[in-house]
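*Asks:* Okay, sequence plus prediction incoming.
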Amino acid sequence: MDLQNQQRVKDAAEKYNPEDIVVILGSSDAEGAEIYAETVCNGDPTYAGPLAGVQLGLAVYDIFEQDIRDEADPEEWENQISMMEMVLEPEALAEAVKGMRDQFSKYSL
């Protein structure tokens, strides 16, 4: 997660109630998704960005998780996301994010 996005997440968590924030990731690989999820939950594991050492505990989900899909408009899902489901590994992505959420998130949907 780049430094600007880390700062945006940090600013939102300071401005709004962290319990009301849900971070939805759309990464193309499970390792990246896991690192991004850890960053918004437990702090930047590289200790390089604004979230270094900042444990926000935010709720974090992958776009392919069923809870998120259930909230999406089916037509928009088909238009915007369904193609990526065919070329990526949605189960691996969802599991990577869920693992970090289960370990570090203080909040959920």
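*Replies:* Received the coordinates, thanks. Residues are numbered from 1 along each chain as shown.
*Asks:* Hmm, residue 88 and residue 28 touching each other?
*Replies:* Yes: with contacts counted by Cβ atoms under 8 Å, residue 28 reaches residue 88, the gap being 6.0 Å. (Glycine included, C-beta is placed from N, CA and C.)
*Asks:* So which of these two has more stuff around it?
*Replies:* Between residue 28 and residue 88, counted using other Cβ atoms under 10 Å, residue 88 has the larger neighbour count: 17 against 11.
*Asks:* what distance separates the lengthiest helix in the chain from the middle of the whole chain?
*Replies:* The longest helix of the chain (DSSP state H) is helix 90-104. For helix 90-104, the separation from the chain centroid amounts to 9 Å (computed by Cα atoms, centre = their mean, to the nearest Å).
*Asks:* Could you list every helix and strand that it packs against?
*Replies:* helix 30-42, strand 59-62 (3 or more Cβ pairs under 8 Å, 6 or more residues apart in numbering; DSSP states H and E).
*Asks:* Pull the distance from the helix or strand containing residue 79 to the chain's centre.
*Replies:* Element membership for residue 79, per DSSP states H and E: helix 74-80. Taking the mean of its C-alpha atoms, helix 74-80 sits 20 Å from the chain's own mean (Cα atoms, centre = their mean).
*Asks:* Keeping just the C-alphas, turn that helix into CSV.
*Replies:* Presented in CSV, the C-alpha positions along helix 74-80 are these (Å, rounded to 0.1, in the frame of the first residue of the first chain):
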residue,chain,number,x,y,z
PRO,A,74,-25.6,-7.7,-9.3
GLU,A,75,-25.5,-5.8,-12.6
GLU,A,76,-22.6,-3.6,-11.5
TRP,A,77,-20.8,-6.7,-10.2
GLU,A,78,-21.2,-8.3,-13.6
ASN,A,79,-20.0,-5.2,-15.4
GLN,A,80,-17.1,-4.3,-13.1
